[in-house]
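Task: produce atomic coordinates for the following.
(one chain, ligands or ions: 2)
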Amino acid sequence: MASPKKKLQGLVAATITPMTEHGEINFSVIGQYVDYLVEEQGVKNIFVNGTTGEGLSLSVSERRQVAEEWVAKGRNKLDQVVIHVGALSLKDSQELARHAAEIGADGIAVIAPFFLKPRNKDILINFLKEVATAAPALPFYYYHIPALTGVKIRAEELLDGIQDKIPTFQGLKFSDTDLLDFGQCVDQNRQQQFAFLFGVDEQLLSALVMGATGAVGSTYNYMGKKTNQMLEAFERKDFSSALNHQFCIQRFINFVLKLGR
Ligand SMILES: CC(=O)N[C@H](C=O)[C@@H](O)[C@H](O)[C@H](O)CO
Ligand SMILES: CC(=O)C(=O)O
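Ligands and ions are numbered 1, 2, ... in the order given. As a prediction, this is how the structure comes out:
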């Protein structure tokens, strides 16, 4: 079974894919981007080619190059680089998973296929398993984001017995506001060492109460430092400071959401 050098925890920035004005990937800024995350934001884990990185809008070749560049520039600077390899084509997804292993990424994550959708848990698990098998030495994370995939299979149901099917399963990135589902994922898997990574940045504090072990999000690119202060306040059980930090983060995200995306 794959075991990560250490458990993925704390903040994970979902990286933006830098582009030139001509719509080409701007590889030249990725080195500076890594330094900025580490030095200015105190964020040492990244999630590449996900929602924020627009991975699903890139070609397989672009996704490979982006992953390679982040792994290369992050070497000896970042703790973990997780590559999102989900795709509608199983073969594309497997190719990206194998590639992530070859370049030395620390893990792979996969969303549910979102056009012809899996009708039930078994179909979804089988798809995920086929991808995970292509990178048998890499920790595997399921990326639950029902609002965007339209796949409403509850994470709690999916996690039930998942390691029997996917031995490399190491955790869940949970991008939904259903804290009953999230809480039950944590509660029912306490004996496992899974990473429970929350993905709704404006509600992270409530997920910490439910047992989140970390968080993946777009705002950790620029509010990593602030969110780390919230995590530290929570750790020392200073809940009123933690709440003040969360409100401050919420005011910012609320402002951004009102601008429209
Ligand atoms: C849908 C989406 O992009 N979600 C991101 C990651 O899960 C979050 O980081 C949000 O951008 C953030 O919570 C602001 O709403
Ligand atoms: C937020 C996140 O995890 C993503 O952009 O994929």
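
State the distance from S240 to K165.
Remark: distance between S240 and K165 (Cβ to Cβ, to the nearest Å) = 43 Å. For every residue, glycine as well, the C-beta is placed using N, CA and C.

Looking at these two, which has the bigger crowd around it?
Legend: neighbour count by other Cβ atoms under 10 Å for S240 and K165, higher for K165 (13 against 7).

surely the more buried one meets I125?
Yes: between K165 and I125 there is a contact at 5.2 Å, judged by Cβ atoms under 8 Å.

so which strand or helix has L204?
Element membership for L204, per DSSP states H and E: helix 204-209.

And the contacts of that helix?
Contacting residues not belonging to helix 204-209 are listed as 174, 179, 182, 198, 200, 212, 215, 217, 227, 230-231, 234, 242-243, 245-246, 249 [Cβ atoms under 8 Å, 6 or more residues apart in numbering].

Now do it: distance to the chain's middle.
Distance, stretch centre to chain centre, for helix 204-209: 16 Å (Cα atoms, centre = their mean, to the nearest Å).

Please pull up the helix or strand immediately following it.
Once the chain leaves helix 204-209, the next helix or strand it forms, by DSSP H and E, is strand 214-217.

Run me through the strand neighbours of that following strand, direction for each.
strand 10-14 (parallel), strand 195-198 (parallel) (DSSP bridges).

Can you lay out those strands as TSV showing mean pLDDT and distance to G150?
TSV is the format used below for the strands paired with strand 214-217 (pLDDT from 0 to 100; distance: least, Cβ to Cβ, whole Å):
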stretch	mean pLDDT	distance to G150
strand 10-14	98	20
strand 195-198	98	21
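
Among these, which comes closest to ligand 2?
Closest to ligand 2 of these, according to Cβ to the nearest ligand atom: strand 10-14, at 3.2 Å.

So what touches the closest one?
Here strand 10-14 has contacts from 37, 41-47, 50-53, 80, 82, 197, 214-218, 220-221, 224, 227-228, 231, using Cβ under 8 Å, 6+ apart.

same check, this time on stretch 77-84
Applying Cβ under 8 Å, 6+ apart, the set of residues contacting stretch 77-84 is 4, 6, 8, 12, 34-35, 37-38, 44-50, 53, 55, 67, 70-71, 74, 96, 100, 105-111, 141, 143, 216.

in that stretch, what's buried?
In terms of neighbour count (16 or more other Cβ atoms under 10 Å), stretch 77-84 has its buried residues at 78-84.
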